[in-house]
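Undergrad: Please find the sequence and the predicted model below.
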Amino acid sequence: MSHAARPCAIHPSILSADFMRLEAELQAISTADAVHVDVMDNHFVPNLTLGLPIVQGVQRVSPIPLDVHLMIADPDRWAPAYAEAGAASVTFHAEAAAAPIKLARTLRELGSKSAMALRPATPVEPFLDLLPELDMLLLMTVEPGFGGQAFLEVVVPKIRRARAAIDAAGGTVALQVDGGVTTQTIRMAADAGADTFVAGSSVYGAEDVAAAIEGLRHAAR
Ligand code: DX5
Ligand code: ZN
């Protein structure tokens, strides 16, 4: 599919939101396609954010579906509960999963989309046979752990190779990028074949959050 015809989804990350006003911060992004929820365990990544009880609360009040990104050790054990909580999609890290095929199937059985993430330095090639098990592949464009980092251009060739593999396999897997996505960098990722864009600081750091979402959509086209 040509880049102009490809759908484009914007997923603001609440990592950069004001956690004390979370419900209002969720309402502010109601024009986005989904809310990206970063779960970090201070083990897989050197930071700690939020866990299942907060995600359940977000699920209750969010006007848009939840895209849960688990940056945690042992997702085999912990990820299914996020699907049970009603998340539209649950992303585990390939580097952390012991049995990624089993986990992807479990997530789907529980009614969620199954998604797998790769850190910037993890090659995509060893995982291409897993594409039929996945609804989304997330290529990190920063080292996971913190918002506000700069987009790693070194990942762009991997986005291009993943897009070619997805198209060759039939083209139903969403290709998400996460980290450093701004109106400046989104074009690079879109041109390489990404179709789903996570943006934390460039959305919540903006004066007008809804305008920032529209600006990203426009810049991706
Ligand atoms: C980083 C998180 C990202 C983060 C992106 O580990 O996975 O989702 O919120 O933030 P920005 O868009 O500021 O790079
Ligand atoms: Zn994320």
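TA: Happy to help now that I have it. Ligands and ions are numbered 1, 2, ... in the order given.
Undergrad: and R119, how many residues sit next to it?
TA: A count of nearby residues for R119, using other CB atoms under 10 Å, gives 19. Yep, even glycine has a C-beta here, placed from its N, CA and C like the rest.
Undergrad: From what I see, it and E95 are in contact.
TA: Yes - the criterion here is CB atoms under 8 Å, and R119 meets it with E95 at 6.0 Å.
Undergrad: and the residue of the protein nearest ligand 1?
TA: As assessed by CB to the nearest ligand atom, ligand 1 sits closest to G200 within the chain, at 2.9 Å.
Undergrad: quick one, phi psi at that residue?
TA: Per-residue torsions, G200: phi -100, psi -80 (degrees, to the nearest 10).
Undergrad: what about it, neighbour count?
TA: A count of neighbours around G200, defined by other CB under 10 Å, yields 25.
Undergrad: Isn't it up against E25?
TA: No - judged on CB under 8 Å, G200 makes no contact with E25 at a distance of 11.5 Å.
Undergrad: tell me, what's touching the two both at once?
TA: Counting by CB atoms under 8 Å, 6 or more residues apart in numbering, the shared contacts of G200 and E25 are I14.
Undergrad: Those residues of this structure touching ligand 1, which are they?
TA: Residues of the chain lying close to ligand 1 by CB under 6 Å from any ligand atom are 13, 15-16, 36, 38, 69, 142, 144-149, 178-181, 198-202.
Undergrad: if you look at these, which of them are in strands?
TA: Taking DSSP state E, the ones among the residues of the chain next to ligand 1 that sit in strands are H36, D38, H69, D178, V198, A199.
Undergrad: Now the second one: closest residue in space that isn't a chain neighbour?
TA: Right, the one you point to is D38. Closest residue to D38 apart from its sequence neighbours, by CB to CB, 6 or more residues apart in numbering: L15 at 4.5 Å.
Undergrad: and the one you found, how many residues sit next to it?
TA: Using other CB under 10 Å, L15 is surrounded by 22 other residues.
Undergrad: which residues does it contact?
TA: Residues near L15 by CB under 8 Å, 6+ apart: H36, D38, T49, G147, G200.
Undergrad: Ranking by neighbours, what's the top pick from the residues you listed?
TA: In terms of neighbours by other CB under 10 Å, the contacts of L15 top out with H36 at 28 neighbours.
Undergrad: was I right about that residue contacting M71?
TA: No - contact criterion CB under 8 Å: H36 and M71 do not qualify, at 11.7 Å.
Undergrad: can you give me the helices for the protein?
TA: With DSSP state H as the criterion, the chain has helices at 22-27, 52-61, 75-78, 80-84, 100-109, 156-168, 186-192, 201-204, 209-220.
Undergrad: contact partners of the fifth one?
TA: What that stands for is helix 100-109. Helix 100-109 is contacted from outside by 75-76, 79-80, 83, 90, 92, 94, 97, 113-114, 116, 127, 130, 133-135, using CB under 8 Å, 6+ apart.
Undergrad: among those residues, which are in strands?
TA: Judged by DSSP E, the subset of these located in strands is V90, F92, K113, S114, M116.
Undergrad: Need the max-distance pair from the residues you listed.
TA: F92 and K113 (11.9 Å; CB to CB).
Undergrad: For L138, which non-adjacent residue is closest in space?
TA: Looking at L138 with CB to CB, 6+ apart, the closest residue is A117, at 3.8 Å.
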